[in-house]
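> here are the coordinates; sequence isn't available:
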């Protein structure tokens, strides 16, 4: 451990941060979960060469490396602990290139999503991935987790919006994966393999992003209340079935609405009621909003339509206040199951069953347009109690049984590694682990994460 | 060899085809290139279990296996030769499931693209990948090559339209990769890795496809002639720069137009002239067509706009007659470079330079909306002469130098394996080859293709 630190300091000087507060910060992410022990150091890489230097020293000294962006993850994947080097790419924020004609940008991984989109907007462009954390999360973190967000049903996930990545391997070699053209099938698609690999394959030091032009026309917002969550889920399924593709379709259950109302000091919602907040955009947005309002009304909803972007943002603010509202109640384990859209009402039934079985309230919001649910478990202290994990275990099994998945957009990290083989099967789990060994033969990249054996 | 054949016949009986004509058919694809020697047998698998049986026997006897669909490939990847088993999935044509509410279908690999879309259309749905070969190519072949087509700039490539694949490994084990939900980040994205892997990782025996609803509204077609190919390329770049996203934007150079005119007995085009054929669809299609016509006219084009779908198909028929027109001239090597859209005029300059340097005509069509060019080399006999490969070599190097790629949608197969490391670099080439070994430790899946060492 000292050998690695000495080599790092000698090679990188001030970029090596051993301040106690920095080390403690690097132990935890927004999941609240913290790695055991303190990492050796946090390295604030500013260039690709810095990253390569760190990886060469790590390989030479067989020291584990945890790559970290802004630390906003929700699965513990970027938490550094005892004996580990935390390699931060947060200072690598350059936009190297913006090409409106080719609809692409080449960026460094540490830039925040919102910062990038502010710059792109001046060119009439945007990068579609829109995680709820966009103001505080990095592009590199989005790529590492394969993040989603609110707009995915209409505008895709991160994997649909990345053409190539520059990757530093465990031994410090730099690879350029992917391409700059719209099409490209030369060899295996390692770009897609790296997206969502949570720091187990290499360090993303650059990315060629596929951009869109800003959407013109009116953005319409429809907010509708429903007598209960199942009615709201059925109404959202009816919107999907109508063939209209909203840009955003967010569902909040009664416990979520009550918590947000308390936080924002709004009138208390009708007990048991649920809400859908829907946005349409593009050339047909106004007509689509009208049709959607009719559908919602026919499904026991009371819709309110706004054609004003600022009023729309006010309506969406209730949804965006979900995380602070949960934090106000206690420590939160934000779950992230995803099911086929048609299974959403059934998934809400399963959540209700688990709430009853465990005598707990599980406030849940959902990206209803794509079937991604975020049930929230609230508890005291820093680690979820066994009871919470038991309920979460039932949640995961229910999602998988409904044709869904453990994690729609947050990743496996440390918090879900013990369920990974349940979804993949043992054969695929082992095959995936062997693939990580091709990239990282010594097993120094994020050991104990994702493919942890004794999780 | 005899041992493998005996085991296959004993296990699979009539499904084992050793008819001389079948064996000869399986040696070649639409590239015209044929594998040396005859394969041991063609196995007409009808079930997943048949595929597993073949792979178990192949592993036991260390016999190479070439997976094959309809044999419409253009890079030789599915050609079976001396000592190899050809495993055909062409008879596996079932549609197991169509879900309009979840916008997905589960299909077997042997179904033709057009057949699938005919069935989906009755449900108001379609699978967007639209290779020019759609009437004769299979879904499994599309997945194996990561195929593209005419609609990619607006509606994506195969990788954007597949949620999961069922894969039989070299040893006969069956894995279920991917998911049914819109989002899913559980573990590494092996689905994307398999797409475009050209038979080197396993046998695709099923696929969960991401569907779209049929696009409503008028489909408009704009055909425009230009004084030369560079003007047409610049006009197509101007359309892209305008922010309008056509569904289709096809470019034909003068040699292509002349060949098609000869085939279809149309009046000879003005010497040197080039053509763009553009389609718009969706709610704004008519307004977009009008704007596009104005842009083309401002860029030396003479546009003709049709709002009639059948008339549009007649205008596109000229483009669709390209391959038969080339075949009428001789044996054709259809190349497939792809460059960033802004580099298309420069790529046409490179083609003109290569034509002059080698004293040959290289008729070229392009998917101008996405920068994918198909230069055609015409020759006599069955194998391209050295002169053609020398010119193609310059073509590939020019595309890579312009930020492009060797192959936009046809794949590497046998015909481009000697250039693979030029694009990937030696380190990435070796890493990719090692990944194939994780799936196929004995190296029995499509040996000599893609990663051929002595190509």
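All right, it came through fine. Please read these numbers as outputs of a predicted model, since none were measured by experiment. Numbering: from 1, shown residues only, chains lettered A, B, ... in the order given.
> just how off-centre is the host helix or strand of residue A:373 within its chain?
Residue A:373 is part of strand A:372-379, with elements assigned from DSSP states H and E. For strand A:372-379, the separation from the chain centroid amounts to 14 Å (computed by Cα atoms, centre = their mean, to the nearest Å).
> Can you spell out which helices and strands pack onto that strand?
Contact here means 3 or more Cβ pairs under 8 Å, 6 or more residues apart in numbering or on different chains; DSSP states H and E; on that basis strand A:372-379 packs against helix A:322-327, strand A:331-334, helix A:344-358, strand A:364-367, helix A:386-401. Just so you know, the C-beta spots here come from the backbone N, C-alpha and C atoms, and that holds for glycine as well.
> try 10 Å
helix A:254-264, helix A:322-327, strand A:331-334, helix A:344-358, strand A:364-367, helix A:386-401 (3 or more Cβ pairs under 10 Å, 6 or more residues apart in numbering or on different chains; DSSP states H and E).
> Could I get the buried residue list for the third one?
Within strand A:331-334, the residues that qualify as buried are A:331, A:332, A:333, A:334, counting by 16 or more other Cβ atoms under 10 Å in any protein chain shown.
> Which strand residues bridge the third one?
Translated: residue A:333. residue A:377 (DSSP bridges).
> got a list of what it touches?
By Cβ atoms under 10 Å, 6 or more residues apart in numbering or on different chains, residue A:333 lies in contact with A:31-33, A:74, A:326, A:362, A:375-379, A:383-384, A:388-389, A:391-392, A:415.
> Drop anything exposed from those.
A:31-33, A:74, A:326, A:362, A:375-379, A:384, A:388, A:391-392, A:415.
> Next, residue A:312: secondary structure please.
helix (DSSP: H, G, I helix; E, B strand; the rest coil).
> which non-adjacent residue is nearest the residue in the stretch 151-300 of chain A that chain B sits nearest to?
Here the residue of the stretch 151-300 of chain A nearest chain B is residue A:192; by Cβ to the nearest Cβ that distance is 3.2 Å. With Cβ to Cβ, 6 or more residues apart in numbering or on different chains as the measure, residue B:192 is the residue that lies nearest to residue A:192, at 3.2 Å, once sequence neighbours are left out.
> Which strands or helices does whatever helix or strand that neighbour lives in pack on?
Residue B:192 belongs to helix B:190-194 when assigned by DSSP H and E. Packed against helix B:190-194, as judged by 3+ Cβ pairs under 10 Å, 6+ apart, are the following elements: helix A:190-194, helix A:426-439, helix B:139-145, strand B:162-168, strand B:174-178, strand B:203-210, helix B:426-439.
> if you set the cut-off to 8 Å instead, what comes out?
Looks like helix B:190-194 contacts helix A:190-194, helix A:426-439, strand B:162-168, strand B:174-178 (3+ Cβ pairs under 8 Å, 6+ apart).
> Tell me, how many residues neighbour residue A:202?
28 (other Cβ atoms under 10 Å in any protein chain shown).
> Quick one: residues contacting it.
By Cβ atoms under 8 Å, 6 or more residues apart in numbering or on different chains, the contact set of residue A:202 is A:167, A:168, A:169, A:170, A:175, A:194, A:439, A:440, A:445.
> now do 10 Å
Contacts of residue A:202 by Cβ under 10 Å, 6+ apart are A:51, A:55, A:67, A:165-171, A:173-175, A:177, A:190, A:194, A:436, A:439-440, A:445, B:431.
> Let's see the ChimeraX selection covering just the buried ones among the residues you listed.
Paste this into ChimeraX to select the buried members of those, with burial taken from 16+ other Cβ under 10 Å:
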select /A:51,55,67,165,166,167,168,169,170,171,173,174,175,177,190,194,436,439,440,445 /B:431
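> Residue A:26 against residue A:65, yeah?
No. Using Cβ atoms under 10 Å, residue A:26 makes no contact with residue A:65, being 12.0 Å away.
> Which residues are in contact with each of these two?
In contact with both residue A:26 and residue A:65: A:39, A:80, A:84, A:85, A:86, A:87, using Cβ under 10 Å, 6+ apart.
> Beta-bridge partners for the last one, please?
Put plainly, it is residue A:87. According to DSSP bridges, beta-bridge pairing links residue A:87 with residue A:43, residue A:67.
> and it, how many neighbours does it have?
Neighbourhood size, residue A:87 [other Cβ under 10 Å]: 27.
> tell me the secondary structure for residue A:97?
strand.
> what about it, distance to chain B?
According to Cβ to the nearest Cβ, to the nearest Å, residue A:97 stands 11 Å off from chain B.
> And residue A:419, by the same measure?
Residue A:419 is 9 Å from chain B, by Cβ to the nearest Cβ.
> Next: residue A:101.
4 Å.
> What sits closest to that residue if chain neighbours are left out?
Nearest one to residue A:101, counting by Cβ to Cβ, 6+ apart, is residue B:342 at 4.3 Å.
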